[in-house]
Structure formats: structure tokens, C-alpha cells
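Asker: Below are the sequence and a predicted model; questions follow.
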Amino acid sequence: MNFSISDLIYIILALPVVFSMISAVNLLHKDVLHWLNRLAATAVFGAIALLVASFDVYSPYRDAYLYLDALSVWMLLIIGTLYLAFAWTSKAYLDRDTNKRYGYLRRFGRLEGRFYALSHIFVWIMLVVVTVNNLGLMWVAIEATTLVSALLVAFKFTRTSLEAAWKYVMVCTVGICLALLGTILVYYIQLTDIGPANPLDWLYMAQHVDSIDSPMARFAFCFLFVGYGTKIGLAPMHAWLPDAHSEAPALTSGLLSGSLCICALYVLIRNIIILLPAIGVDFISGLCLFFGLFTVAAAVPFVLVQRDVKRMLAYSSMENFGLMMAGLGLFVPSAAQAMLLHMFNHALVKYSLFYTAGTIMEEFGTKNMMRIHGMMTQTPRTAMFWLLGIVGILGMPPFGIFFSKFYIIFGFFQADHPWLGILLLILLAGMLIGILYHVMRMFGGQAKKKSAGELLGFTDSLALAGLLLFSCAASAGLSEITVLNNLLSHAAQIVLGGVS
Amino acid sequence: MEYLVVFLVLVVFLQTRITNLRRAVICLASQSVIISIACFGLGLSSGSGLHALLPGILTLAVKVIFIPGAVWNLVGKLTNEREILSESNVNYSTMAAALFLVMGYAIVERLLPGSAGRDIIAASILMIMTGLSLMVLRKRAIIQIVGLITLENGIYLLGLLMTEGLPLVVELGVFLDVLIAVVVLVILTSRMRLSFMTTDTSVMKKLKG
């Protein structure tokens, strides 16, 4: 069969909604639902893979509302891969969570439909974020992700998850409202400098960036930076992030950390491309570097004293978002490319880590790392994936994150910020020590309480192994895989130079 | 227009004084009524047809009828709940609102000197900042929702004045988001009432570090 690009896009944007509607009705048996969920996600991933393979980076796709260039296709690839992983791990997770003996959700019945409906619509909105062409619609979609995922964060309706969801909605909505103010100011700039045609159309504005020279631009950028920065989880606006990531169901935490925050980063990048010529590189670069490094620095002490296993992962995500922000702020081609690669690697590895952490929580009946011991003997398979994921996220050589972190830090030295690079290395070393200390304690020793045994099944192990391998292969062999390499270098060009 | 601004400032100041939940909802609704009148006024003066009337109609439907209705419904269910109120917060938020009003005029004078809608811009800055301060200083969930809508109204008013309204699809999307936000917040608040027996958010302080 031959699909044109518009066919593929409509498949990608239609299937999740259709499945979400089906599961919201909640009439089907849960086994049928599990299989339909896998089918929908696999079909969407297949369509994205076809799109990546057939996409010509020199002729972006556009119609009235959608616009796809290399950057959006790269984001689609990240979200699509996580969507696939979500679908193939969700059955095992939900079966465990509703298990009569130890599951968190054992008191509720038939929650699969609601969970699938919310999760798929959540993924769909993220797919919309990266495909729409209008800056206003991007804002609308980002705000919608907050609202849908808030219901997912509060899915267990325990006291702590309600607290996390409340904080999440309040902090993020305020942040996103400031971003709306920024978007309104961008529209004002467009009206005064470019003209009333094609309101807030990203492509049109990117083609006319040279005529923007309003003093308002800097003002608008500050609002956008604070607004979307809240959603990315930059310190000091990160108050919601550890709570939401630790209290959500493990699958949702993986999606939140892996794809939602980078969607906000994507929208910020789109806005930066418009405003960059009017503001100048120095201002944006300074803000991004400062807040990026500050986020990494703010995350380190919390990791060192952490007891909650998912909060530790949440702070590790913050470190990685800080790193991405700093990589963006360098405005060096290799660092921009490494930042995009880091988004991909971090998403894949962090999803597998959150999933493993969710499994550990059920095996040992606690999320306090101080009470988890003897993983090697009690739950060998989970221990292996936990170790692989941790080694991966810390950026040790065979794994993908090594390459992306290496090139971001290399960018610091290229861009004449050697001292900042050294500072970042010290902070990363602190992160490594903190995480390894906690994780090694979990591996060794004798378990005081008997665990529930090995809960990681065959399908989910396969999915996790696939994620880790894909991240390794894509980053280590990037120069050999022409399609990805081409896509990535063009996406980096768009990040730095717009459409010219 | 001047009378509208005066009424708006009055309503916002009243908002900071109110501790009774039902009165806070009425106050929110009247604030939205003023916003929708402003929408009709600005829309009809700049153009005609659907796009001129739509913001006003949507504001009337969403922010005057639906949102206060949903919150009013929720307040009706909150009986016998523990009240943890401190009166000093009320005075702080009124004082903060007074400062914000001065600040609003100062910002307008600096950024857009001599612009036509000076008073409206200052009033919308007042609304944005007051909404924020209500969310930060007050502890009751309903008042925080009211603060959020006030903040949103302020941004909306500012946008309306500066750009004569966003593009139509974006405007529809923004209204949809506000609608969903209130639905989500109402769900969370009613679950909060079930789990904590109160809607005072200061009881939620378990997650730290």
C-alpha cells in the first residue's frame, strides 16, 4: 500500500481519538480493550515510522492547520515510540495494579476503560502539539495536556495523589496563563510589525522574522519563558514536578517525564525561532543557560537525601531538562543536535525506569528506598532492568544518553563557556553519586520483608529491552542510519536558524 | 467604558474581601458579566458579524453561566466542613490589590504611554495580579478556583484590548480549555472533600522534598 504524507498524518491523528472514544464507553471486555489498545498504538507507530522513512526534509508538509518539518517529525518519533511502549506495557501494569492481593487499585473495578481513554487522549493531544502550525493552538494543546494528565495524576484518588494533582493543575495553569499572555504579546507584535494576514501562523511568521523589531519582543519572551518553563519543570517553577511524577501511575509518570515536558520545550523552541532575531542571541542564551544550570543544581541535593524511588527519578528528570535547556542556550549546531538526541534518549530510558520503579513498588510493597533490599536475589529480572536503566540515565558509555550528554558538554567548550561546562560536570558527578548510592543499596543486602516475587513479565521485559536497545542503537549508530541522521541535523538547523 | 473599569476595580477589590464561598461565586459571576459587556462593546465598535459577537456570547455562556453554576453546585455540597480561616489573609490580599492597581498604572505609563485603553490595561493587570494573590494567599479550594478564573479574565481582557481578540480558532480553544479546567478542578475538589473532609488546601502538605 502506498500512503501519502497527509494520509499518514490523518491516521496518526485519528486512531488515538477513536480508541479513546471506544474505551471511554467502557462496554468492551478488558481483554479486548487491551488488544485494541496495542493495535491502535502499533498502527500509529507504524504510520510514524513510514512517515519518518518517506519524509523529505527539504519539502515540509503543510495545510490549513498542520505543519510538519524535520523538528516536528523528530518529536513525533519520540512520542510515537513512547506510545508504543505504553501500549505494550499497560496490560501487565494494569493487571498488577488491580490484583486482589497487592494492587493499588484493588478496591475499584473496571478502571481499564477510563485509564485507557484518558491516556490515549493525552497522547493524542501531545501529537497535536507537535503537528499544529498555529502558536495559539499550540498553547491551547499544551494547556489541554495539563488538564487531561491531571486526572491521570489523581487516578488513584489517594490523599497524596490528590495533593499532587491539585498542585499540578494550579501551578501549571498559572504558568500556562502567563504563556498565553506571552502568546497574545507575540500576536500584538505580529499585528504591528508584519500585518494582520495569517494570524499567529508559525510558518508565515518564521518567513517574516526579519521585519520584527518591536521592543515588546523581549517582554513577550520573558512571559513565554516563565510560562512554558513552568511546564518544562525548570527551577524555581518546578514545585509541581516531583509530586506529579511520583504520585501518578507509573505509566503516566513515564509519559509525563518522557514526552510532556519536552512538548512544552518544543513549543518554547518554536517561539524562540520567531523572536530570536528581534531579541538577539545573548539574552536568550543567557536565560537558557542560567535556568538550565540552576535546574540541574537544584535537583542534585534533593536526589542525595531522597527516600522515595519515583521522586528520585523525577529529580533526575529535572536534571535532564536542565541539561536540554542549557544545550539549547548554547546555540552551537552540535549542541542543538545533541539536545534533540537527548530528548529522544531521555524519553526512552526514563519511561523504562519509571515502569521498572512501578514494578519495584509493587514487588516490595513500598516506595521507600531505605526499605528495599536484596533485589538481586529476590527479583533478578527487575534488578537487571533497573540497573540497565540507571546506568543508562547516568550517561555511561554503551547507552545512548552518553552520546547526547557528551556532545552537550562538548558544546559548552565549543561555545567558550569552559567554566560553566566544568560546573555542569561537577553537578552531574553529584547526581551520579547520589543515584548510584541509593540504587546500590537496593541491590545488595537481605530483604527484611518477603517480596511479592518477580512481577516483571515477558512482554513488558521485551518492551523495556526494546526501548533501551533502540536508544543505544539510534545514538551510537546515528551516522550509519541515514534517515535519522538527516532528520536530526535538519531539525537542529531549524532550532538554530528557522526556515530560511 | 470608564464606568465599566470603575465597576471592575470595585468588584475585584470586593473579591479580595469576601470569605463566604457563595458570595465569592456571585462576585465572580458579576466580574464576568462586566467582561462580557466589555467584549460586546469592543467587538461592536471594531467590526460586525459573528467574530465581533462571539467573544461576548462565549464569555456570557462559559464564564457567567457555566463556571459559576458548576462552582455554586459544588459549594452547595460542602456542608459541615471544618473551617480553617485566618482573617489576616483577607487584609493582605486587599492591600496587595491596592499595590497592584498602582503598579498597573505605572507599567502602562512606562510601556504604552498615551495609549487609548490605559484604564482597561491597568484594570486587567490588577485582575491578573489579584488572581495570582488569591491563589497564593488563600487556602480554600473554591477561592483558589475563583482566583484562577480572575487571572484568566484579566489576561483575556488584556488580549481583547491589545489585539482586538485572538484568531477565532484560538479563541474557541481558550474557552474550551477554561471549561475543561473548571471541570477538572471541580472533580478534584469534590474528591478532596471526600478524602480530607474539607476543601481547605492547607491540610495537603504531605509531599515535600
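Answerer: Happy to help now that I have it. Numbers count the residues shown, from 1 in each chain, chains lettered A, B, ... in the order given.
Asker: Pull the contacting residues for residue 26.
Answerer: Went with chain A since none was named. A:Arg110, A:Gly113, A:Arg114, A:Ala117 (Cβ atoms under 8 Å, 6 or more residues apart in numbering or on different chains). For the C-beta atoms, the positions are set from N, CA and C on the backbone; glycine is no exception.
Asker: please go with chain B instead
Answerer: B:Pro68.
Asker: With A:Ser461 instead?
Answerer: By Cβ under 8 Å, 6+ apart, the contact set of A:Ser461 is A:Arg381, A:Phe385.
Asker: could you list every residue that touches residue 92?
Answerer: Let's take chain A. Taking Cβ under 8 Å, 6+ apart, one finds A:Leu456, A:Gly457, A:Thr459, A:Asp460 in contact with A:Ala92.
Asker: hmm, I had chain B in mind actually
Answerer: B:Tyr92 sits in contact with B:Ser133, B:Leu137, where contact means Cβ under 8 Å, 6+ apart.
Asker: Model confidence at it, what's the number?
Answerer: Predicted confidence (pLDDT) for B:Tyr92: 82.
Asker: which residues of chain B score low on pLDDT?
Answerer: Residue ranges of chain B with pLDDT under 70: B:48, B:79-88, B:209.
Asker: Which parts of it are helices?
Answerer: For chain B, the helices defined by DSSP state H cover B:2-17, B:21-46, B:50-58, B:67-77, B:87-111, B:118-137, B:141-163, B:168-196.
Asker: Of all the ones you listed, which one is nearest A:Met75?
Answerer: Ranking those by their distance to A:Met75 (criterion: Cβ to Cβ) puts helix B:168-196 first, at 19.9 Å.
Asker: Skip the chain neighbours and tell me the closest residue to the residue nearest the centre of chain B.
Answerer: Central residue of chain B (Cα atoms, centre = their mean): B:Thr150, 1.2 Å from the mean position. Among residues not flanking B:Thr150 along the chain, B:Gly131 sits closest, at 3.6 Å (Cβ to Cβ, 6 or more residues apart in numbering or on different chains).
Asker: Would you check that that neighbour makes contact with B:Ile149?
Answerer: Yes - judged on Cβ atoms under 8 Å, B:Gly131 makes contact with B:Ile149 at a distance of 7.5 Å.
Asker: returning to that earlier point: adding distance to A:Arg270, write the helices of chain B out as a markdown table.
Answerer: Output for these, formatted as a markdown table (distance: least, Cβ to Cβ, whole Å):
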| stretch | distance to A:Arg270 |
| --- | --- |
| helix B:2-17 | 34 |
| helix B:21-46 | 29 |
| helix B:50-58 | 26 |
| helix B:67-77 | 30 |
| helix B:87-111 | 25 |
| helix B:118-137 | 24 |
| helix B:141-163 | 19 |
| helix B:168-196 | 15 |
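Asker: and among the ones you listed, the most buried is which?
Answerer: Of the helices of chain B, the one with the most neighbours on average (mean count of other Cβ atoms under 10 Å in any protein chain shown) is helix B:141-163, at a mean of 25.
Asker: now the end-to-end length of stretch B:11-25.
Answerer: 12 Å (Cα to Cα, to the nearest Å).
Asker: any residues touching that stretch, and which ones?
Answerer: By Cβ under 8 Å, 6+ apart, the surrounding residues in contact with stretch B:11-25 are B:27-28, B:30-31, B:34, B:68, B:71-72, B:75, B:78, B:85, B:87, B:90, B:93-94, B:96-98, B:123, B:126-127, B:130, B:133-134, B:140, B:142-143, B:146, B:150.
Asker: what about 7 Å?
Answerer: Under the contact criterion Cβ atoms under 7 Å, 6 or more residues apart in numbering or on different chains, stretch B:11-25 has outside partners B:27, B:30-31, B:34, B:68, B:71-72, B:75, B:85, B:90, B:93-94, B:97, B:126-127, B:130, B:134, B:142-143, B:146, B:150.
Asker: can you check stretch A:399-418 too?
Answerer: Against stretch A:399-418 from outside (Cβ under 7 Å, 6+ apart): A:323, A:326-327, A:330, A:332, A:334-335, A:338-339, A:341-342, A:345-346, A:349, A:391-393, A:395-396, A:420-421, A:424-425, A:471-472, A:474-476.
Asker: so of the residues you listed, which ones are in helices?
Answerer: Judged by DSSP H, the subset of the contacts of stretch A:399-418 located in helices is A:323, A:326-327, A:330, A:334-335, A:338-339, A:341-342, A:345-346, A:349, A:391-393, A:420-421, A:424-425, A:471-472, A:474-476.
Asker: sorry, back to before: can you tell me which of the contacts of A:Ala92 end up in helices?
Answerer: Counted as lying in helices by DSSP H, out of those, are A:Thr459, A:Asp460.
Asker: now the contacts of A:Ala92 in CSV, with distance to chain B and pLDDT?
Answerer: Below are the contacts of A:Ala92 laid out as CSV (distance: Cβ to the nearest Cβ, whole Å; pLDDT from 0 to 100):
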residue, distance to chain B, pLDDT
A:Leu456, 27, 84
A:Gly457, 31, 84
A:Thr459, 32, 90
A:Asp460, 28, 89
